[in-house]
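*Asks:* Here is a sequence together with a model predicted from it:
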Amino acid sequence: MENQKLLEEFKKCSTDPVHFISNYIKVTHPVRGLVPFKLYPFQERILGDLQTHRFNILRKFRQAGCTTIAAAYSLWMAIFQKHKSIVILSKGDAESTEVLDRIKLMYDELPEFLKPGIIEDNKHTLKLKTHSVIKSRPSGKQSGRSLAGSLLIIDEAAFIENIDTIWAAVYPIISTGGRAFVLSTVNGIGNWYHEVYQKAINKDNAFNAIDIKWQEHPEYQYNPNFSYLYEEMTKKGLDIHKWEETTKANMPTKQWLQEYECSFLGTGDTYIEGEILKQVVAQTSEDYYTKYNNRMRVWQDPQPHYSYVIACDVSLGRDRDYSAFHVINMYNGQQVAEFYSNRTAINDFAKILFNEGMLYNIAPIVCERNTIGNNLIDWLYNNYEYENLWADEKGDFGFLVTAKNRENILAELEEAIRTNLIKINSARTASELTTFIINENGKVEAEKNHHDDLIMSLALAIHVYKQILDTTPMEFLTRTGAEEKPPMPAMGMKSYVDPKTGNRVSQRMTEDDYKWLMK
């Protein structure tokens, strides 16, 4: 190629990364070996967004070639733009080294007229004679302190620990003109990647959200424009028409959802199985009204022929953890009301509980009595003289949560949700369930920067609900059963002071007690 044509081609490559990559970049394909990187339409779309937007976040499926696109784009910038610093952050050292090795292979395979020459070449750095440098680094708590660059690429962001801390450290460096490209397969809900992506979708941050589907990949779904590709695949014994069927059969559903369907729900180590969470989220209702300055949501007012249970989890009301309670209809398991606030003092919380307990047919109220829970019980019993506080088998008011019984009541929660024993109306409760996880040590807890107050109060409600169902000798109707007559209230608790000991004794109310009360 004569010099003038080389110059024209160089200029064209310098202004068009799609042209440069499609015509000059070579990559290693897992089946076909070293091949030209012929971009598919969805890959060209990604490159177009990288050129158009400063901040991009990509939700990708497995083996979409997105990390390779990021590597090729990095090399294009380093070759055709002077004094640029491109930083690629990966999950670990092996991943960061592998990404830079890809870039070095791409550079080595370029024709000489596109090679500016190398100044520095080591395990984590490639510096060219354009004085542009590509640094590939593993993630770590202090990574953000050394990531100054013109372009920051974060690969598999959903799987990087402390990514929120890293981003907080690096953002001031790129905020004055740098660019960012965040890409990842999904890894559940509640992590930094998920939150940034959701805000991008809702236009609540500066990121441009890029979505790609596995059906766009010609190697996964048949596309008549790529007949040459299928000829090669057939020679290797691969049938494009059976790809989906074969791949699904060879992996668990959860892995398929994560790796190919890009489904946030149904992935990650959530305590409630992902498909069940989808159903819970889908069944929530926005048909409610609010009370107490929007702290309480009510889906159904009390009905005189129903019994209810109220279970609560209390906090100090100082902008930290939340005080929460649920009102559950004991005849159909429906969540009819919910309270949630981190700015409600214990005395005010007790007053609200008293009011709602009386309103919902003097419902049994069960309080967690760990630490400040005892103060709440004291307010309800001594200050408001609430007559239907739930007591345990020892006659003590409230429920003392221990490490052992916590596992039990959470197991009851999971079973109740899985078997549709209860109906969750609240999107707030559903949201907490999606970030309630099993951590690396096997402990069930709220994900970092999230809460579980609604979950624990719901678990208490289900525990008492099931206990009353198991011990009450009257027939209970299911949600699907037809009512021929209004049901009698479920058995509650009564208490009295033993004249011999001076101690308060609690016992379950009998049907005769109710008959006497209703005379």
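*Replies:* Right, received. Where do you want to start?

*Asks:* mind listing the strands for the stretch 251-400 of the chain?
*Replies:* In the stretch 251-400 of the chain, the strands defined using DSSP state E, counting those that start in this stretch lie at 289-291, 296-298, 308-313, 323-329, 335-341, 365-367.

*Asks:* what would the ones you listed look like in JSON lines with mean neighbour count, mean pLDDT and distance to residue 438?
*Replies:* Backbone N, C-alpha and C define where each C-beta goes, glycine included. Below are the strands of the stretch 251-400 of the chain laid out as JSON lines (neighbours: other C-beta atoms under 10 Å; pLDDT from 0 to 100; distance: least, C-beta to C-beta, whole Å):
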{"stretch": "strand 289-291", "mean neighbour count": "11", "mean pLDDT": "96", "distance to residue 438": "33"}
{"stretch": "strand 296-298", "mean neighbour count": "20", "mean pLDDT": "97", "distance to residue 438": "29"}
{"stretch": "strand 308-313", "mean neighbour count": "27", "mean pLDDT": "95", "distance to residue 438": "20"}
{"stretch": "strand 323-329", "mean neighbour count": "27", "mean pLDDT": "95", "distance to residue 438": "22"}
{"stretch": "strand 335-341", "mean neighbour count": "23", "mean pLDDT": "96", "distance to residue 438": "24"}
{"stretch": "strand 365-367", "mean neighbour count": "28", "mean pLDDT": "95", "distance to residue 438": "26"}
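
*Asks:* So which of those strands is nearest residue 418?
*Replies:* Residue 418 lies closest to strand 335-341 among the strands of the stretch 251-400 of the chain, at 16.0 Å (C-beta to C-beta).

*Asks:* quick revisit: mind putting the strands of the stretch 251-400 of the chain in TSV, distance to residue 261 included?
*Replies:* Output for those, formatted as TSV (distance: least, C-beta to C-beta, whole Å):
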stretch	distance to residue 261
strand 289-291	36
strand 296-298	32
strand 308-313	35
strand 323-329	32
strand 335-341	29
strand 365-367	40
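
*Asks:* sec struct for residue 120, please.
*Replies:* With DSSP: H, G, I helix; E, B strand; the rest coil as the basis, residue 120 sits in strand.

*Asks:* what's the pLDDT at it?
*Replies:* Per-residue pLDDT puts residue 120 at 94.

*Asks:* same thing with residue 106?
*Replies:* For residue 106, the predicted pLDDT is 96.

*Asks:* Just the element for it, please.
*Replies:* Assigned by DSSP states H and E, residue 106 belongs to helix 93-108.

*Asks:* and if you look at residue 76?
*Replies:* helix 66-80.

*Asks:* how big is the angle separating that helix from helix 93-108?
*Replies:* 50 degrees (axes from the mean of the first three to the mean of the last three C-alpha atoms, to 10 degrees).

*Asks:* Tell me the first helix or strand C-terminal of helix 66-80.
*Replies:* strand 85-90.

*Asks:* Parallel or antiparallel, list what pairs with that following strand.
*Replies:* The strands beside strand 85-90 in its sheet (DSSP bridges) come out as strand 133-138 (parallel), strand 151-155 (parallel).

*Asks:* Out of those, which is the most enclosed?
*Replies:* Using mean count of other C-beta atoms under 10 Å, the stretch among those with the largest mean neighbour count is strand 151-155, at a mean of 25.

*Asks:* Just the buried residues of the following helix or strand past that one, please?
*Replies:* Going down the chain from strand 151-155, the next helix or strand is helix 163-174, by DSSP H and E. For helix 163-174, a neighbour-count test (16 or more other C-beta atoms under 10 Å) marks 163-164, 166-167, 169-170, 173-174 as buried.

*Asks:* Can you give the distance from helix 163-174 to the centre of its chain?
*Replies:* From the chain centre to the centre of helix 163-174 is a distance of 21 Å (C-alpha atoms, centre = their mean, to the nearest Å).

*Asks:* which helices and strands sit right next to that helix?
*Replies:* strand 151-155, helix 192-201 (3 or more C-beta pairs under 8 Å, 6 or more residues apart in numbering; DSSP states H and E).

*Asks:* Can you pull out the low-pLDDT segments for this protein?
*Replies:* 1, 141-148, 265-268, 317-320, 472-519 (pLDDT under 70).

*Asks:* Spatially nearest residue to the residue nearest the centre of the chain (excluding sequence neighbours)?
*Replies:* The centre of the chain sits closest to residue 189, judged by C-alpha atoms, centre = their mean, with a distance of 0.8 Å. Closest residue in space to residue 189, ignoring its immediate chain neighbours: residue 434 at 4.4 Å, by C-beta to C-beta, 6 or more residues apart in numbering.

*Asks:* And for residue 80?
*Replies:* residue 14 (4.0 Å).

*Asks:* And for residue 438?
*Replies:* In this structure, residue 438 finds its nearest non-sequential neighbour in residue 269, 4.7 Å apart by C-beta to C-beta, 6+ apart.
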